[in-house]
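[1] Fold the stuff below for me.
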Amino acid sequence: MKLKNCKIVVVSGNKYHISAPHGVAVGNVCINRCLEEKSIWHETAHLFGVSDHYDENTHETICGDEKCFMRWNALNGDHFCEKALSEIAF
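    Numbering: from 1, shown residues only. Next comes the predicted model:
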């Protein structure tokens, strides 16, 4: 059986060693170390084409919405900003 356009979300806690403190998304797979729902939303959004709303080197935000899940600390967010919603691709 071939799964077409399958997205895989792994919620692992500290079971897997990854460099990111909360989680990472690559291709069609995301691994969440942080068990907080907001962090899981952030990593899962990457599977649908949503970009990080912060500079990857400095972690400085590039999003004007201080409650956006896609900023550096997703735990402070409570929604996806308009930019994030516009980036979603199925």
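[2] so how far is Glu36 from the residue nearest to Glu66 when sequence neighbours are not counted?
    The shortest distance from Glu66 to any residue that is not its chain neighbour, by Cβ to Cβ, 6 or more residues apart in numbering, is 7.6 Å, and that residue is Asn76. Where C-beta positions appear, they are placed from N, C-alpha and C, glycine not excepted. In this structure, Asn76 and Glu36 are separated by 11 Å, where distance is defined by Cβ to Cβ, to the nearest Å.
[3] With Gly49 instead?
    The span separating Gly49 from Glu36 equals 22 Å under the rule Cβ to Cβ.
[4] What separation do you get for the residue nearest the centre of the chain and Cys6?
    Among the residues of the chain, the one closest to the centroid is Glu43, at 2.2 Å (Cα atoms, centre = their mean). Counting by Cβ to Cβ, the gap from Glu43 to Cys6 is 16 Å.
[5] backbone phi and psi for the residue nearest to the centre of the chain, please?
    With angles defined as degrees, to the nearest 10, Glu43 shows backbone torsions of phi -70, psi -40.
[6] Just give the number of residues close to the residue nearest to Glu66.
    A count of nearby residues for Asn76, using other Cβ atoms under 10 Å, gives 12.
[7] which stretches of the protein form strands?
    Listed in chain order, the strands of the chain (DSSP state E) span 8-11, 23-26, 29-32.
[8] Name the spans of this protein whose pLDDT lies under the cut-off.
    Counting by pLDDT under 70, the low-confidence segments of the chain come to 1-4, 90.
[9] give me that answer again for 80
    Low-confidence regions of the chain, defined here as pLDDT under 80, cover residues 1-6, 8, 11-21, 90.
[10] right, and Asn32 touches Lys15 too?
    No: under the criterion of Cβ atoms under 8 Å, Asn32 lies out of contact with Lys15, with a separation of 10.5 Å.
[11] Have a look at those two and say which one is more surrounded.
    It is Asn32, of Asn32 and Lys15, that has more neighbours when counted by other Cβ under 10 Å, with 25 against 9.
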